[in-house]
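>>> Predicted model and sequence below, questions to follow.
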Amino acid sequence: MVEEPKYALIKQLGNAEIRRYPPIVVARAEGTEDPFSLLFDYISGKNNQKKKVSMTVPVISEKIAMTAPVISDSNSMSFVLPSSYTLETAPEPLDTRIRIVQIPARTVAVIRFSGRWSQSKFEEKSRELLATLSKEGIRTKGGIFTMLYNPPTHLGSCGGTKSLSR
């Protein structure tokens, strides 16, 4: 079983959820046309400690075009590191396009959907999520991002999420 970040379900809003995530340490690739491969190499041992890191879910991207392999046209993608790692204990990347960062605890709105990822489906589900939040009078901040839970070659669920204002 693959590790995934724990969260607290705050509220169910039809097919959307409000979730509270704890701080999460991620390896973030930036400034590359193929961030997935760069991150995969990092967790496969291409780091200063030559240490393999277990794959977790989700893979996080602000905007992503799914092909095989995953390609992000936002120039950034993040792999969530296993919960046993901190900023201090995560293997140091060899490639300067990878940074180890901690995403602070946050509350997000999520809508799950399954099937292959596509830009049109992402846009449709983003509109659906924003409409649900608007109907409930919930204000948002930040952009919508994708959290992918299955490889791009498999059908599976992924969710569009948006940070909520406090």
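Great, that's in hand.

>>> Counting by contacts, list what whichever helix in the chain runs longest packs against.
In the chain, with assignment by DSSP state H, the single longest helix is helix 119-135. When contacts are defined as 3 or more CB pairs under 8 Å, 6 or more residues apart in numbering; DSSP states H and E, helix 119-135 packs onto strand 16-21, strand 106-114, strand 140-148, strand 157-164. All C-beta atoms are positioned from the backbone trio N, CA, C, and that covers glycine.

>>> Report the rounded mean pLDDT for stretch 103-114.
Per-residue pLDDT values over stretch 103-114 give a mean of 89.

>>> any residues touching stretch 84-98, and which ones?
With contact meaning CB atoms under 8 Å, 6 or more residues apart in numbering, stretch 84-98 is reached by 25, 27-32, 35, 38-39, 41-42, 46-49, 51, 53, 81, 99-102.

>>> and this structure, what are its domains?
8-22+105-164, 24-103 (automatic domain parsing).

>>> Quick one: low-confidence residue ranges for the chain.
Where the chain drops to pLDDT under 70, the residues are 62-75, 150-166.

>>> in it, which residue is closest to the centre?
Ile60 (1.9 Å; CA atoms, centre = their mean).

>>> Which element, helix or strand, includes it?
strand 59-61 (DSSP states H and E).

>>> just how off-centre is that strand within its chain?
Remark: strand 59-61 is offset 3 Å from the chain centroid, using CA atoms, centre = their mean, to the nearest Å.

>>> Relative to whatever helix or strand comes next after that strand, what are the paired strands and their orientations?
Per DSSP H and E, the first helix or strand lying C-terminal to strand 59-61 is strand 76-80. In the sheet, strand 76-80 lines up against strand 24-30 (antiparallel), strand 59-61 (antiparallel) (DSSP bridges).

>>> Just the residues contacting the first one, thanks.
Contacting residues not belonging to strand 24-30 are listed as 5, 35-36, 38-39, 42-43, 53, 60, 75-81, 85-87, 90, 93, 97-103 [CB under 8 Å, 6+ apart].

>>> Check which residues of the helix or strand following that strand are buried.
Next helix or strand after strand 24-30 toward the C-terminus (DSSP H and E): helix 35-43. Neighbour-count burial for helix 35-43, counted by 16 or more other CB atoms under 10 Å, picks out 35-36, 38-43.
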